[in-house]
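A.B. asks: give me a model of this one.
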Amino acid sequence: MVRLPLSAAEIERGERLGALLRRARAERTMLEVALDAGVSPETLRKIESGRVATPAFPTIAAIAEVLGLSLDAVWAEITLTETLELRRWGQLRPL
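C.D. replies: Residues are numbered from 1 along each chain as shown. Okay, the predicted model is just below:
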């Protein structure tokens, strides 16, 4: 299966996701969070570093649960810049 290259927006979204998870993890070790979420530490490391820009939904759901993050909060954080850009260019109506 050939995987299409990621767009700049997808890469940026992955970087924002990684930053959010690092902040939420705070002082907890990567190993502790990964094991509690049922994912490998390598997977968590790749997500946090932005190397996996489009991780599987169940993986993010498990990590978010361990970190006490709602999926709504995760989505709002990682799409904030895109939403602001769309509003700025008149492609999205204000709330």
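A.B. asks: now the helices for the protein?
C.D. replies: Ranges of helices in the chain, per DSSP state H, are 8-25, 30-37, 41-49, 57-67, 71-88.
A.B. asks: out of the ones you listed, which is closest to residue 2?
C.D. replies: helix 8-25 (16.3 Å; C-beta to C-beta). (Each C-beta comes from the backbone N, C-alpha and C, glycine too.)
A.B. asks: pull out the buried residues from that closest one.
C.D. replies: Judged by neighbour count using 16 or more other C-beta atoms under 10 Å, the buried positions of helix 8-25 are 12-18, 20-21, 24-25.
A.B. asks: picking that back up, what's the least confident stretch among the helices of the chain?
C.D. replies: Ranked by mean pLDDT, these bottom out at helix 71-88, which scores a mean of 76.
A.B. asks: residues touching the residue nearest the centre of the chain, list them.
C.D. replies: A centroid search over the chain (C-alpha atoms, centre = their mean) returns residue 17, at 2.6 Å, as the residue closest to the centre. The contact partners of residue 17, by C-beta atoms under 8 Å, 6 or more residues apart in numbering, come to 47, 50, 53, 55, 60, 74, 77-78.
A.B. asks: please repeat the previous calculation with a cut-off of 6 Å.
C.D. replies: Residues touching residue 17, when contacts are defined by C-beta atoms under 6 Å, 6 or more residues apart in numbering, comprise residue 78.
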